[in-house]
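Participant: Dropping the sequence and predicted coords here.
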Amino acid sequence: MGIRLIDLRIKDTSKRPRPVCSYLAKEGAFFRQHDPPPPKYWVSHTFLCRPLEEIIREIAEFVVHDRDAQTEVVVVVMKGDFPEKLCDDQWGEVRALWEAHCNDMIADCHHLTWPIGRLADAGKRLVLLGQGATCLPAQEDLVRGSWGKTRTADPNQLMDNMTKWLEDKQRHISGRNKKLHVLQAELTPDARMVISSILRLNCRGGHGTFSTNEAAACAAHKVLLQALASDVWRCLKVNVITHDFVRADIIRAIVRRNFSDPSCSVSPEVVGG
């Protein structure tokens with residue numbers, strides 16, 4: 001039981017001067033030339049976080065080698081770390097990294113109309129989506145996120161925004177849905193708070209609400225748990241729910257929805273992080 005959709009932002013560190021790397025922050029160091037050279041592709045969110053291949057190895061360990069996961073399908077949504085976009089050559093290199101660890105497991109475009117059970121039975125248990133990619137299924141063709149409609153720094157507003165977005169999307173989610181509709185249950189304070197939190201500085205954001213990313217996520221968690229338990233949400237269909245700093249109690253609450261009253265016709269859901 002856990003995360004089945006993963007959202008990765010990717011940076012090619014060979015294209016410009018080396019940026020700050022939070023991966024090395026515990027050593028008080030900046031990202032600089034190493035011998036041997038550091039990896040080219042990193043998972044990044046403004047600052048570099050971890051080498052992409054480390055993340056790939058961890059996912060491959062679950063998808064390929066974990067015998068208890070043979071019926072599981074994992075979706076990985078990838079894009080360049082804003083404002084950068086990856087070109088075809090870069091996407092080709094990114095795909096090659098995945099193929100080196102779990103080639104036989106990767107679903108191709110023609111697999112994406114299959115139900116999850118058929119994907120798992122065929123061993124195609126890793127769905128890779130890339131924004132602007134030609135060698136991978138295109139994220140923008142298959143994923144619809146709530147970010148533009150639900151983003152807020154106010155916990156009280158988040159519940160209303162999420163509920164309205166879900167209500168507006170019921171017709172699309174309930175029909176012959178060929179897209180993933182992703183409800184992003186996240187609070188989005190200003191950039192100053194996010195950057196100071198990543199760098200472990202004690203600097204409250206401009207809204208004066210949160211001092212760290214973790215504090216903002218904790219407030220969003222409370223709203224999401226309330227929503228999942230509410231009567232209003234009980235019969236609202238959902239495809240995917242994502243949230244930061246994923247918690248086991250939220251995963252359990254989402255999984256329980258898949259085994260709720262059949263009269264509600266709740267669609268299969270995925271928890272993401």
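Facilitator: Done, it's in.

Participant: CA atoms for contacts and neighbours, from now on please.
Facilitator: Fine.

Participant: and Ala216, what does it touch?
Facilitator: Neighbour list for Ala216: 187-189, 210 [criterion: C-alpha atoms under 8 Å, 6 or more residues apart in numbering].

Participant: host element of Arg95?
Facilitator: Per DSSP states H and E, Arg95 falls inside helix 88-102.

Participant: Can you give the domain ranges for the protein?
Facilitator: What automatic domain parsing lists as the domains of the chain is 5-138, 146-272.

Participant: got those domains as CSV, with mean pLDDT columns?
Facilitator: Shown next, in CSV, are those (pLDDT from 0 to 100):
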stretch, mean pLDDT
domain 5-138, 83
domain 146-272, 80
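
Participant: what's the helix or strand where Lys79 lies packed up against?
Facilitator: Following DSSP H and E, one finds Lys79 within strand 74-80. Counting contacts by 3 or more C-alpha pairs under 8 Å, 6 or more residues apart in numbering; DSSP states H and E, strand 74-80 packs against strand 5-12, strand 126-130.

Participant: Parallel or antiparallel, which strands does it pair with?
Facilitator: Note on strand 74-80: by DSSP bridges, its sheet partners are strand 5-12 (parallel), strand 126-130 (parallel).

Participant: hmm, who's touching the strand or helix carrying Val182?
Facilitator: In this structure, Val182 is located in strand 180-184 according to DSSP H and E. For strand 180-184, the external contacting residues (C-alpha under 8 Å, 6+ apart) are 142-147, 150, 162, 166, 173, 238-243.

Participant: Give the buried subset of the residues you listed as a PyMOL selection command.
Facilitator: To isolate the buried subset of the contacts of strand 180-184 in PyMOL, counting by 16 or more other C-alpha atoms under 10 Å, use the following:
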select buried, resi 143+145+146+147+150+162+166+173+238+239+240+241+242+243
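
Participant: Near the closest residue to Ala227 other than its chain neighbours, how many other residues are there?
Facilitator: Spatially, and ignoring its direct neighbours in sequence, Ala227 is nearest to Trp233 (6.3 Å; C-alpha to C-alpha, 6 or more residues apart in numbering). Trp233 is flanked by 16 other residues according to other C-alpha atoms under 10 Å.

Participant: what about Trp233, which SS state?
Facilitator: helix (DSSP: H, G, I helix; E, B strand; the rest coil).

Participant: do the one 4 residues further on as well
Facilitator: Applying three-state DSSP to Lys237 yields a three-state assignment of coil.

Participant: Can you report how many residues neighbour it?
Facilitator: 22.

Participant: So it is in contact with Arg171, correct?
Facilitator: No: with contact defined as C-alpha atoms under 8 Å, Lys237 does not reach Arg171; the gap is 9.5 Å.
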